[in-house]
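1. quick one, what's the 3D model for this:
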Amino acid sequence: MTRGTIWPLLAVLAMAGAGCSGTPGEPAQARVREAPLDPAFEALVDKYLRDVRGVGGNLPADMSAESFASRLAAQKSLLADLEQLDRSKLNFDQQIDYQFLGGILRANIREQQEVPRWRQDPRRYVETNPITFKLQADPRHPEERGRALVTDMQTLQARLAKAKINLTEYIPNWLPYANARIDGTILHFQNAVPKFAARLSPALREQLQGETDKAIAGLRDFRIFVNEQWRNRPVGDFRIGADLFNYLQEHRHMFDGDDLDLRTIARGAEGFTRVPRYFDWGWKQYTITEKMLEARAQQIAPGRTWLQIIKDMKRVHPAAEQLVHEGLKVARWTREWTIKNDLVSIPWDDDDQVMVASDPSLSASQWWGFGPGFLPAAHQSKKMAWPIIPIHPDWSDEVAEENLTEKDWSFTYAIGPHEAYPGHHLMRLYQNRNPRKLRVYENSYSDQGWCYYVEWELTPDP
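-> Model (predicted):
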């Protein structure tokens, strides 16, 4: 039995069982969904969120070796408990979450045992998106945000100290990316924190600036460590291997490469979601797309390649001073377009996907400045920021033009529906209000799949 047939069968069995009771004439599926929740399973989900995801703030945040070992042990214990549950007691939604949680745990356990990234990647210890969100897009009162930022800066310092102990395997390919992340974070803190701290009460301002200065000093010291000590440690292997890749495809992402519907949509051979056929399928898709581009290029400008045409098209882009305004217009258009075409319901009238003119220094670590883009899981605000990095006046003309060509109209009209409506922004608003807690804090691969579908098939015609 393939995974593609498991869930329809589960739904049929669940509805059949529910058909033995309930109000006459009530739809069977409605009775299944409204069946009582099994408290043992709900307690297991709560334990996972608390002991693995850290919901509630009870887990150590310093990224010590002990914390990773504790989290791995917790997941093994949770999986054993999950497999002992009586699934016949679970209602329809719990049946879905049972498979979702089981896949997450199995994938996490095997991946963390075989590929301990915390021993290989310095960037893991300089994850500052939550800090950037609090600085640029958090709707709470500045004093509340300031107190949280003090804790974040202290946590970052503790993580950098643990990183020097934990990073035992050197990955040469990741050295330049580690340097870029560290340099970009230092620049961001230097530029963004003083502006934000100026809004705080004097005592909190002094405390935040003091902890930020310590964090910057720690980052500088960490950069020295990365370039002088980490690079002299034994060389590790970042590859996960075919067996683990296929295992993650099956359990974490729940792809069934033998499912006929999926194969038909993807034009995939049997087993195409597994290596080595996955590799062959990827090149097949590339070749299909390239041939389509070649044919379209001959229609537009015979004798010129598709790449030449695209390079010329990308020279037509918003002026530097109009980037944020034009991007905001596109984000707003996607909302109107989604409503006009009745694609997805939007039950709110105060939701918004707004543009943020991020500090140009963010480009040092990430060209697009992803920092404040998404609301944190379970956050109830309906405002989100789509960050745009303006052109830095000190950039060379070549770098400035390269940046602008990456934000040309062809890209903007594709990325707008992907990021705003009905893509990630609207999807996150729904996710944060999902009554099933596991689905609030965990994502399936389909969230990107939906947004790429939107980008490819539903992009509005400008």
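2. for A385, helix, strand, or coil?
-> Under DSSP: H, G, I helix; E, B strand; the rest coil, the three-state class of A385 is strand.
3. what is the burial count for it?
-> 24 (other CB atoms under 10 Å). C-betas here are computed from N, CA, C, even on glycine.
4. for R220, which non-adjacent residue is spatially closest?
-> I186 (6.9 Å; CB to CB, 6 or more residues apart in numbering).
5. what is the neighbour count of V454?
-> When counting by other CB under 10 Å, one arrives at 26 neighbours for V454.
6. hang on, isn't H188 packed against T132?
-> Yes: H188 lies in contact with T132 (CB atoms under 8 Å); the separation is 7.0 Å.
7. I'd assumed the residue nearest to R220 was in a strand, is it?
-> No: counting by three-state DSSP, I186 is not found in a strand; it is helix.
8. pretty sure it is touching G218, no?
-> No: if you go by CB under 8 Å, I186 and G218 don't touch, sitting 10.0 Å apart.
9. distance check, D183 against Q209.
-> The gap separating D183 from Q209 is 20 Å, by CB to CB, to the nearest Å.
10. repeat for N246
-> 50 Å.
11. ditto for R71
-> 33 Å.
12. what segments of the stretch 301-450 of the chain are helices?
-> Along the stretch 301-450 of the chain, the stretches classed as helices by DSSP state H, counting those that start in this stretch are 306-313, 323-340, 397-405, 409-419, 424-431, 437-441, 446-457.
13. and the fifth one, what's buried?
-> The reference is to helix 424-431. 424-429, 431 (16 or more other CB atoms under 10 Å).
14. export the residues you listed as TSV, with columns for pLDDT and distance to R140.
-> Shown next, in TSV, are the buried residues of helix 424-431 (pLDDT from 0 to 100; distance: CB to CB, whole Å):
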residue	pLDDT	distance to R140
H424	87	22
H425	88	19
L426	91	22
M427	90	23
R428	90	18
L429	92	18
Q431	92	20
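15. of those, just say which sits nearest to A107.
-> Using CB to CB, Q431 comes nearest to A107 of these, at 19.9 Å.
16. output the lowest mean pLDDT helix or strand found in this protein.
-> Here the helix or strand of the chain ranked lowest by mean pLDDT, DSSP states H and E is helix 3-18, holding a mean of 34.
17. what's downstream of the helix or strand hosting A180, the next helix or strand?
-> Following DSSP states H and E, one finds A180 within helix 175-197. Elements were assigned by DSSP H and E; along the chain past helix 175-197, the next helix or strand is helix 202-228.
18. and that next one, which residues are buried?
-> Buried residues in helix 202-228, counted by 16+ other CB under 10 Å: 204-205, 207-209, 211-212, 215-216, 218-219, 222-223, 225-226.
19. from the residues you listed, pick the one nearest D397.
-> R223 (29.1 Å).
20. what sits against A331?
-> 353-355, 386, 416, 419-421 (CB atoms under 8 Å, 6 or more residues apart in numbering).
21. go with 6 Å
-> Contact criterion CB atoms under 6 Å, 6 or more residues apart in numbering gives 353, 386, 420 as the residues in contact with A331.
22. for it, give its distance to H425.
-> Distance from A331 to H425, by CB to CB: 8 Å.
23. now for those two: what residues contact both?
-> Joint contacts of A331 and H425 (CB under 6 Å, 6+ apart) are Q353.
24. CA atoms of stretch 159-169 as PDB?
-> Taking Å, rounded to 0.1, in the frame of the first residue of the first chain, the C-alpha atoms of stretch 159-169 are listed here in PDB:
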ATOM      1  CA  ARG A 159      25.900  30.500  21.800                       C
ATOM      2  CA  LEU A 160      29.100  31.900  20.400                       C
ATOM      3  CA  ALA A 161      31.000  30.600  23.500                       C
ATOM      4  CA  LYS A 162      29.500  27.100  23.000                       C
ATOM      5  CA  ALA A 163      30.200  27.200  19.200                       C
ATOM      6  CA  LYS A 164      34.000  27.300  19.900                       C
ATOM      7  CA  ILE A 165      33.600  24.000  21.700                       C
ATOM      8  CA  ASN A 166      31.100  22.300  19.500                       C
ATOM      9  CA  LEU A 167      32.500  23.100  16.000                       C
ATOM     10  CA  THR A 168      34.800  20.000  15.600                       C
ATOM     11  CA  GLU A 169      34.500  19.500  11.900                       C
END
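25. show residues contacting it.
-> 62-65, 118-120, 125, 218, 222, 225, 230, 233, 236.
26. stretch 310-323 too?
-> 326, 388, 391, 404-405, 407-408, 410.
27. which among the contacts of A331 end up buried?
-> 353, 386, 420.
28. in the contacts of stretch 159-169, find the pair that's most separated.
-> Largest pairwise distance in the contacts of stretch 159-169, by CB to CB, is 24.0 Å, between G218 and G236.
29. state the distance from D447 to A414.
-> Counting by CB to CB, the separation of D447 from A414 is 17 Å.
30. over to L82?
-> From L82 to A414 the distance is 40 Å (CB to CB).
31. who's more crowded, those two?
-> L82 (18 against 15).
32. and the more buried one, which helix or strand is it part of?
-> helix 65-84.
33. contacts for that helix, please.
-> 44, 48, 51-52, 60, 102, 105, 108-109, 112, 118, 166.
34. okay, now I415: neighbour count?
-> Number of residues near I415 (other CB under 10 Å) recorded here: 21.
35. from R296, how far out is it?
-> Using CB to CB, I415 is found at 20 Å from R296.
36. for A107, grab the count of nearby residues.
-> 20.
37. ok, it - contacts?
-> Counting by CB under 6 Å, 6+ apart, A107 has contacts 248, 251-252.
38. between the residues you listed, which is closest to A192?
-> R252 (34.5 Å).
39. what's the closest one in contact with, if anything?
-> Contacts of R252 (CB under 6 Å, 6+ apart): 103, 107.
40. check which residues of stretch 119-136 are buried.
-> 119-126, 128, 130-136.
41. same check, this time on stretch 63-79
-> Quick answer for stretch 63-79 (16+ other CB under 10 Å): 63-64, 67-68, 71-72, 74-75, 78-79.
42. got the CA positions of that stretch in PDB?
-> Only the C-alpha atoms of stretch 63-79 are listed here, as PDB (Å, rounded to 0.1, in the frame of the first residue of the first chain):
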ATOM      1  CA  MET A  63      23.100  25.500  22.000                       C
ATOM      2  CA  SER A  64      25.400  23.400  24.300                       C
ATOM      3  CA  ALA A  65      26.300  19.800  23.400                       C
ATOM      4  CA  GLU A  66      24.200  18.800  26.300                       C
ATOM      5  CA  SER A  67      21.100  20.600  24.900                       C
ATOM      6  CA  PHE A  68      21.400  18.800  21.600                       C
ATOM      7  CA  ALA A  69      21.800  15.400  23.300                       C
ATOM      8  CA  SER A  70      18.800  16.200  25.500                       C
ATOM      9  CA  ARG A  71      16.600  17.200  22.600                       C
ATOM     10  CA  LEU A  72      17.600  14.000  20.700                       C
ATOM     11  CA  ALA A  73      16.800  11.800  23.700                       C
ATOM     12  CA  ALA A  74      13.500  13.600  24.100                       C
ATOM     13  CA  GLN A  75      12.500  12.800  20.500                       C
ATOM     14  CA  LYS A  76      13.400   9.200  20.800                       C
ATOM     15  CA  SER A  77      11.300   8.900  23.900                       C
ATOM     16  CA  LEU A  78       8.400  10.700  22.300                       C
ATOM     17  CA  LEU A  79       8.500   8.400  19.200                       C
END
